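Novice: the following comprises the amino acid sequence and a computationally predicted model.
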Amino acid sequence: MCGISGIVNFSGITQEWKNHLHTINSAMPHRGPDADGFWFDDFVGLGHRRLSILDLSTSANQPMSQAEGRCHIVFNGEIFNFAEIRKELEGKYPFQTDHSDTEVILNAYLEWGIDCVLRFNGMFAIGLYDPIKKVFFLVRDRIGKKPLHYFEHQGTLAFCSEIHALLAAKVIPKEINEEAIFHYLTLLTTPAPATFFKGVSKLEAGHYLKITSEGIEKRQYWNIADYLNDPQSISFDKAVEETESLLESAENLRLIADVPITSALSGGLDSSLNLYYSSLVNPQISALTLSYEKTSAYDESVSAKKFAKERGVEFHHHIITDELFQQLIKDYVGIQEDVPMGDPNTSLVYYLGKLAREMDCKVLMVGEGGDELGGYPNYLKMQKRNAILSKIPSIAQKPFSHLPLRWAKQLDVFHEGTLISQSHILGFPESTVRKHWMAEKGFSSYRVLAKLQNEIKVDAPDRFLRGVSNVEYQLRLPELILPRIDYPSMAASIEARSPMVDYRLVEASARWPFELRMKGGKTKAIFREIAKDKLPDYLLNAPKVGFGMMLTPFLNKTLPKWYATSVLKPNAPIQKYLSPSFLEELHREQLAHQRYGFYLWIVYALNVWLEKHTS
């Protein structure tokens, strides 16, 4: 896990651009506190910040050149199956490191060309230069676990792991992208390739750029819609068997490291399975749990501690007070630069990372991806609701766009003949945003959702949920959920690994019908079956608690005060985008009824972010 940067111009790079690259690379020390380095020729410059996880020797530092100088690379992430690929390549190509996955990429490219990425099981953002063919590739992994941003200016393309580092060079002006602000208010993110800054792009998951003297070409090398559009009939028992095999492999691959690993343990199904498999392979692994000081009737930390003891692993438990939670939010809001902090719980990931570093760990196992494989609890409710809504003729749909905010989120879900996934209206319904939007017109977040849902063409009973899943994997995971893990963990110089977003698990489950994945009306039915002989009953039958108990008092008591002094002050930057009367109305409603707390957060976080970037 690292930070990468680079510049490419096949007409030649100047000394000024080389200086810019030094500025860019130095702006993200948290991504690589262990080493940094540069490589230049007449056309390409590469920069790197290293967080040493695998092959800790200096020979594995980057930028790295292939042993014979035939290609050069900067790479952020991990190729988990590097050892298997290296066995295929040894004897054909020289290796100068003991077990660096970076060097495997270089020789894999020589063997298979850019199609080598199809052989990689991992999380990666890659900049790879072939000086013989005069071609440069930028590659982002299938699911989008690693970020990769770029801009082009006067013939030079510059790229980097984080946007604020790119902008630090001051080559292009810092201008807010109004369409991204519009999307954030509904989606809590903006779809790639757009970012929150004009002129800066984000490479989409499963894509690569090919850069030559002729120009830039973008190609998609992996698409989840291909699998969602290819239903596979399979028995429940066979699906369980196949998933268990893939899950065990995914877990084992993500335990390969030359540094200590800890596992985030909530007491829920996904994190408990993580710890089960991890402790089988790595008895030295530890477990890290957070809990709220005001415990509920079911305190997940109690079961987490009990399970950790049964697995024989070291257990670390930290209690979050209201005061600490508020301070963590303030701290991380101040740190997050590239995007607004749409979810206040992101601050807890940052805290987990800091705690892991204090334990001398560099790798944190997390459970992201399980819900996308097994289905979210609201999927079946949404499908039943839509069976009713779908019968409403188009002429009768327009009044739904005039509903009050309280009802619009559930019922204002129509867009040009498509029923929008309510699961992805994470913020305000679009009709509410449109009504109070003060900036440039013509944007539509529902259009984004409808386009992704309509990529699913297959005539299947669960076509709607397959469309929802396409949104999960092409928008919500790569542009919201996974960055919510990557940015805060890397801010603490920690590598987070998510076994349940292994692409093989994703491809397999995408083909299977939802009635199987949610058998008996239960989410994660396959994982629950796998867990029956691995997890104790007190975990299998426990309710899902999460951090809601911690968030509610913050939203109801503390946030309205923060909101009033930030959002409602004269000339607050958010007032350029949303009408002041609406901003005041939200505040009044929350004080009176305590049901708009998360809406207040969405606006507050955006305003704080805008204050940083608005002169």
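Specialist: Looks like it came in fine.
Novice: for the record, mean pLDDT for stretch 529-545?
Specialist: Averaging pLDDT along stretch 529-545 yields 88.
Novice: contacts for that stretch?
Specialist: 236, 240, 243-244, 247, 267-269, 272-273, 276, 296, 298, 300, 303, 306-307, 310, 528 (CB atoms under 8 Å, 6 or more residues apart in numbering). From N, CA and C alone the C-beta is placed, and that goes for glycine too.
Novice: if I look at the residue lying farthest from the centre of the chain, how far off is Ile420?
Specialist: Largest separation from the mean C-alpha position in the chain: Ile395, at 38.6 Å (CA atoms, centre = their mean). From Ile395 over to Ile420 the distance is 18 Å, taken as CB to CB, to the nearest Å.
Novice: filter the contacts of stretch 529-545 down to the ones in helices?
Specialist: 236, 240, 243-244, 247, 269, 272-273, 276, 300, 303, 306-307, 310, 528 (DSSP state H).
Novice: min pLDDT across these, which one?
Specialist: Glu300 (81).
Novice: nearest residue to that residue other than its sequence neighbours?
Specialist: Gly267 (3.4 Å; CB to CB, 6 or more residues apart in numbering).
Novice: same check, this time on Ala460
Specialist: Closest residue to Ala460 in three dimensions, ignoring its sequence neighbours and counting by CB to CB, 6+ apart: Pro231, at 5.3 Å.
Novice: what does Leu419 give?
Specialist: Asn386 (5.0 Å).
Novice: from the recorded domain assignment, give the ranges for the protein.
Specialist: 2-221, 226-374+474-546, 547-615 (automatic domain parsing).
Novice: nearest to Asn454, out of these?
Specialist: Comparing those by their distance to Asn454 (CB to CB), the top pick is domain 226-374+474-546, with 11.5 Å.
Novice: which stretches in the stretch 51-200 of the chain count as strands?
Specialist: Listed in chain order, the strands of the stretch 51-200 of the chain (DSSP state E, counting those that start in this stretch) span 64-65, 72-79, 122-130, 135-140, 149-153, 156-160.
Novice: any idea where the strands of the stretch 351-500 of the chain begin and end?
Specialist: Ranges of strands within the stretch 351-500 of the chain are 363-365, 414-415, 418-419, 495-497, based on DSSP E, counting those that start in this stretch.
Novice: who's Ser263 bridged to?
Specialist: Beta bridges link Ser263 to Ala287, Met365 when assigned by DSSP bridges.
Novice: okay, it: pLDDT?
Specialist: With respect to pLDDT, Ser263 scores 97.
Novice: need the pLDDT of the residue nearest to Ala460.
Specialist: Model confidence at Pro231, given as pLDDT, is 97.
Novice: my guess is it contacts Ala510. True?
Specialist: No - Pro231 is beyond contact range of Ala510, at 9.3 Å (criterion: CB atoms under 8 Å).
Novice: which residue of the two possesses the greater neighbour count?
Specialist: Neighbour count, other CB atoms under 10 Å: between Pro231 and Ala510, Ala510 has more, with 23 against 18.
Novice: so that one, which state does it fall into?
Specialist: Per DSSP: H, G, I helix; E, B strand; the rest coil, the local secondary structure of Ala510 is helix.
Novice: do the same with Arg219
Specialist: strand.
Novice: closest one to Glu178 among the strands of the stretch 51-200 of the chain?
Specialist: Nearest to Glu178 among these is strand 149-153 (17.8 Å), distances taken as CB to CB.
Novice: which residues are contacting the closest one?
Specialist: 138, 157-163, 166, 171-172, 195, 199-203, 209, 216, 338.
Novice: show the buried residues in the residues you listed.
Specialist: 138, 157-163, 166, 171-172, 195, 199-203, 209, 338 (16 or more other CB atoms under 10 Å).
Novice: one step back: using TSV, lay out the domains of the chain together with distance to Ser401.
Specialist: Formatted as TSV, the domains of the chain follow (distance: least, CB to CB, whole Å):
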stretch	distance to Ser401
domain 2-221	13
domain 226-374+474-546	22
domain 547-615	16
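Novice: what's the closest of these to Arg406?
Specialist: Per CB to CB, nearest to Arg406 of these: domain 547-615, 7.2 Å.
Novice: spit out the contact partners of the nearest residue in space to Val302 that is not next to it in sequence.
Specialist: Residue nearest to Val302 in three dimensions, not counting chain neighbours: Gly267, with 7.9 Å by CB to CB, 6+ apart. Contacts of Gly267 were listed using CB under 8 Å, 6+ apart, and they are Thr289, Glu300, Ser301, Val302, Ser303, Ala304, Phe307, Leu539, Ala542, Val545.
Novice: the strands in the stretch 501-615 of the chain, which residues?
Specialist: Under DSSP E, counting those that start in this stretch, the stretch 501-615 of the chain gives no strands.
Novice: where exactly do the helices run in it?
Specialist: Per DSSP state H, counting those that start in this stretch, the stretch 501-615 of the chain carries helices over the ranges 503-511, 514-517, 525-531, 537-540, 548-553, 559-566, 580-593, 597-613.
Novice: now swap in the stretch 101-250 of the chain and tell me
Specialist: Applying DSSP H, counting those that start in this stretch to the stretch 101-250 of the chain gives helices spanning 101-112, 163-168, 178-187, 224-228, 236-253.
Novice: just put those helices in CSV and tack on distance to Pro429.
Specialist: Converted to CSV, the helices of the stretch 101-250 of the chain look like this (distance: least, CB to CB, whole Å):
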stretch, distance to Pro429
helix 101-112, 44
helix 163-168, 28
helix 178-187, 7
helix 224-228, 26
helix 236-253, 35
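Novice: of all those, which lies closest to Met28?
Specialist: When these are compared for distance to Met28 using CB to CB, the nearest one is helix 163-168, at 4.6 Å.
Novice: let's see that closest one as CSV, backbone CA atoms only.
Specialist: The C-alpha coordinates for helix 163-168 follow below in CSV (Å, rounded to 0.1, in the frame of the first residue of the first chain):
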residue,chain,number,x,y,z
ILE,A,163,-6.4,14.8,-5.7
HIS,A,164,-5.1,17.4,-3.1
ALA,A,165,-1.6,16.3,-3.9
LEU,A,166,-2.1,16.8,-7.6
LEU,A,167,-3.5,20.3,-7.0
ALA,A,168,-0.5,21.1,-4.7
